[in-house]
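> generate a structure from the sequence data that follows.
(one chain, ligands or ions: 1)
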Amino acid sequence: MTPALDRRAAEALLAFWAEAGVEALYGEAPIDRLAEGAERLKAKPRPAPPPPTPLRSGRPGPAAPDIGAALAQAQEMAAAAQTLEQLAEAIAAFEGCPLRYEGARQAVFARGNPQGPVMVIGEGPGGDEDAQGAPFVGRAGQLLDRMLGAAGLTDRVFITNTVFWRPPGNRTPTPAEQAVCAPFLERAVALVNPKMLLLAGGASAKSVLKRDEGILAMRGRWFEWKSADGSLDLPAMPTLHPAFLLRQPAAKKKAWLDLLTLTERLDRAGRPA
Ligand code: URA
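Numbering: from 1, shown residues only. Have a look, this model is predicted:
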């Protein structure tokens, strides 16, 4: 195997484990990190703290927004939006998500049919989405569209994400980043009023359903999603993220089965009793 192939294989394997929910690696023998840290502190004088990082955009805004205050502001702004257009404007004006200051070019809200019965919620915008201002428009989005099309769901979905700014390096959004964006996401669900949610990827499923299981344990199962104020509840199904399917094509069969389960319930709900 050439070094390039070795590297690709290692990256694919790491991505597979990350998607499967493995977030830490452990050795055979325990390591006392506290003792190690104490030794290092004894050995080295503490360096002066670095100066605060200037905001990349140069625009005013909190370098490390207070998450509690940001959440309260997000709730207020989201509640005031009476239409999806107003919600998109509120998101674009919201300054409380730390991701906004980490190199994102613009807010990325949603695409698709606002009357669609299925709302697809991905993790967060990637590079193509950041450039074009719409979710799932890159390679993963094209695969998602092909799968939705094959399941008869083209034009029946409204697509958004748990966060509205691209995480740097396409890393997984943190729970705090997802939490400050959640009021906007909930407001989107309320305004679209879909019949069900399809949660693409572990970071979406964990955040939306507030569960701590890996995506492989959750995918293909129905969960009940409830809005924070308890006024809405909807069936929600986690499935594998299309970016994961691009790296692990053998897993497409599982995602396909999830879509069939979803469309079966959707069609059943649409049939006269
Ligand atoms: N991955 C996501 O989760 N969302 C996007 O919009 C694009 C890629």
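
> residues near the nearest residue to W222 once chain neighbours are set aside, how many?
Once flanking residues are discounted, W222 sits nearest to P235: 5.2 Å by C-beta to C-beta, 6 or more residues apart in numbering. From N, CA and C alone the C-beta is placed, and that goes for glycine too. Around P235 there are 15 other residues, counting by other C-beta atoms under 10 Å.

> and P235, what element?
Assigned by DSSP states H and E, P235 belongs to strand 233-239.

> likewise for L198?
Element membership of L198 [criterion: DSSP H and E] is strand 196-200.

> quick one: contacts of that strand?
117-123, 144, 157, 189, 205, 208-209, 225, 234-242, 258-259, 262, 265-266 (C-beta atoms under 8 Å, 6 or more residues apart in numbering).

> ditto for stretch 220-236
The contact list for stretch 220-236 (C-beta under 8 Å, 6+ apart) reads 182-183, 186, 189-190, 194-199, 208-209, 211, 237-239, 254, 257-258, 261, 265.

> and if we set it to 6 Å?
Contacting residues not belonging to stretch 220-236 are listed as 186, 196-197, 199, 209, 237, 258 [C-beta atoms under 6 Å, 6 or more residues apart in numbering].

> so which bits of it are buried?
220, 223, 225, 227, 234, 236 (16 or more other C-beta atoms under 10 Å).

> nearest to the ligand among the residues you listed?
Using C-beta to the nearest ligand atom, A236 is the member of these that lies nearest the ligand, at 15.7 Å.

> and R166, how far from G122?
Counting by C-beta to C-beta, to the nearest Å, the gap from R166 to G122 is 12 Å.

> cool, A93 as well?
Separation of A93 from G122 (C-beta to C-beta): 22 Å.

> between these two, who's got more neighbours?
G122 (26 against 9).

> need phi/psi at the more buried one.
Backbone torsions for G122, taken as degrees, to the nearest 10, come to phi -90, psi -170.

> any chance of the contacts of stretch 220-236 in a markdown table, plus pLDDT, neighbour count and distance to Q132?
Converted to a markdown table, the contacts of stretch 220-236 look like this (pLDDT from 0 to 100; neighbours: other C-beta atoms under 10 Å; distance: C-beta to C-beta, whole Å):
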| residue | pLDDT | neighbour count | distance to Q132 |
| --- | --- | --- | --- |
| E186 | 98 | 22 | 25 |
| M196 | 98 | 17 | 27 |
| L197 | 98 | 22 | 24 |
| L199 | 99 | 28 | 23 |
| L209 | 98 | 18 | 29 |
| M237 | 98 | 22 | 27 |
| D258 | 98 | 21 | 27 |
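
> closest to the ligand out of those residues?
L199 (10.2 Å).

> if that closest one is in a bridge, with which residues?
For L199, the beta-bridge assignment (DSSP bridges) gives partners I121, P238.
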